[in-house]
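Colleague: This is a predicted model, with the sequence first.
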Amino acid sequence: MEWSFDGPNGAVTVCQEGERAICRAICPDDRGGLWKAWLLGEGGKALLGTLVPEGGAMRLRRSIDVAQLERQGAWPPTGAELVLMGAAARGGIPSGWQWTDCPGRLVGDAGVRKALHPVERALIQRDGEGFRLALPFVPGGAFPIPALFCLSRVEVLNGKRYVLFQFSRRGCPRFMGDP
């Protein structure tokens, strides 16, 4: 069985060969920075690895046990992400926002915390009422926190789409309202 996922940053293909998943990712080499590939599933996501320059593009090829992907909630695959990491990603921070690592530690609800567990970084904006989190949004891709779908909204920040979530000071989810 084979899956193919195209996104704004490149493409990821996955082919099951017995008990192994052969994963390939590619994106243009003209984007600069450190790119990571993630495989998304109904129950989570799994890091495939870092793309390296090869043949005029950034590429990754990795063989992973299907059982490992199942344990991480990423099998069978429902989507994929190619994410710019490090200093290059930090340079495009929208005004008034900053990066936060492990955003799940900020929320009070155990279910939301579990949904955020695989998210390593998110944009955060604090105010007197609490804080907002912005997670990358790819149309057709996995929604970051399905349980909070009705409380969120999609916005474009610095030319990129994000799903915004509002939380109280104690980390309880709140309705986003209109922009």
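Modeller: Arrived safely. Numbers count the residues shown, from 1 in each chain.
Colleague: per-domain residue ranges of this protein.
Modeller: As recorded under automatic domain parsing, the domains making up the chain are 2-85, 92-174.
Colleague: Can you pull the poorly scored residue ranges out of this protein?
Modeller: In the predicted model of the chain, residues 30-33, 86-92, 178-179 satisfy pLDDT under 70.
Colleague: quick one, phi/psi of residue 112?
Modeller: Residue 112 adopts backbone torsions of phi -70, psi -40, taken as degrees, to the nearest 10.
Colleague: gap between the closest residue to residue 10 other than its chain neighbours and residue 56?
Modeller: Leaving aside its chain neighbours, residue 10 sits nearest to residue 27 (2.9 Å; criterion: CB to CB, 6 or more residues apart in numbering). (Each C-beta comes from the backbone N, C-alpha and C, glycine too.) From residue 27 across to residue 56, the span is 11 Å (CB to CB, to the nearest Å).
Colleague: who's residue 167 bridged to?
Modeller: Residue 167 has these beta-bridge partners by DSSP bridges: residue 131, residue 173.
Colleague: From what I see, it and residue 132 are in contact.
Modeller: Yes. At 7.3 Å, residue 167 counts as touching residue 132 under the criterion of CB atoms under 8 Å.
Colleague: related to what we said a few turns ago, okay, the domains of the chain in CSV with mean neighbour count next?
Modeller: As requested, the domains of the chain are exported to CSV (neighbours: other CB atoms under 10 Å):
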stretch, mean neighbour count
domain 2-85, 17
domain 92-174, 16
